[in-house]
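**Q** Curious how this folds, go ahead:
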Amino acid sequence: MCIGIPMQVGSIESGYALCSGRGETRRVRTALVGDVAPGEWLLVFIDSAQERLEPQRVAEINATLDLLQAAMNGDAQDPADAAFDLPSRWTTAQLRQLSGTPSTPTPESMP
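**A** This next block holds a predicted model:
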């Protein structure tokens, strides 16, 4: 399994960015997200940025990763205490909005 890590761009070079997040720094390929600027947040899988992130989404992902880390350490936490909603609790309309799908299916969006 591969888990994406939110990382903030510190400096850039052609096709790469030096990013930091969750206690580590990595040289990250930026081919999939295009040009980036210092201060931007990226979702990084291994050594490649997969998408740009808004700060609110960074906080949600970090909170989820904190819950996973706590579970791996044997610390029981109630996901209901998290400061965000898990996608499993979202409505169909919210999931469609996240994926960019129209909230009301159109003939073009139906299989």
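
**Q** following the longest helix belonging to the chain, which helix or strand comes up?
**A** What stands out as the longest helix in the chain, according to DSSP state H, is helix 55-72. Reading on from helix 55-72 to the C-terminus, the next helix or strand found by DSSP states H and E is helix 92-99.

**Q** And for Met7, the neighbour number?
**A** Neighbourhood size, Met7 [other C-beta atoms under 10 Å]: 24. Where C-beta positions appear, they are placed from N, C-alpha and C, glycine not excepted.

**Q** mind listing what the host helix or strand of it pairs with, with the direction of each?
**A** Per DSSP H and E: Met7 is located in strand 5-13. The strands beside strand 5-13 in its sheet (DSSP bridges) come out as strand 16-21 (antiparallel), strand 41-45 (antiparallel).

**Q** what's the shortest one in contact with?
**A** Under the contact criterion C-beta atoms under 8 Å, 6 or more residues apart in numbering, strand 41-45 has outside partners 2-9, 17, 19, 21, 26, 28, 30, 33, 36, 49-55, 57-58, 61.

**Q** do the first one as well
**A** When contacts are defined by C-beta under 8 Å, 6+ apart, strand 16-21 is touched by residues 5-12, 25-30, 36, 42, 44, 49.

**Q** Could I get the buried residue list for stretch 29-45?
**A** Thr30, Val33, Val36, Glu40, Trp41, Leu42, Leu43, Val44 (16 or more other C-beta atoms under 10 Å).

**Q** average model confidence for that stretch?
**A** Averaging pLDDT along stretch 29-45 yields 97.
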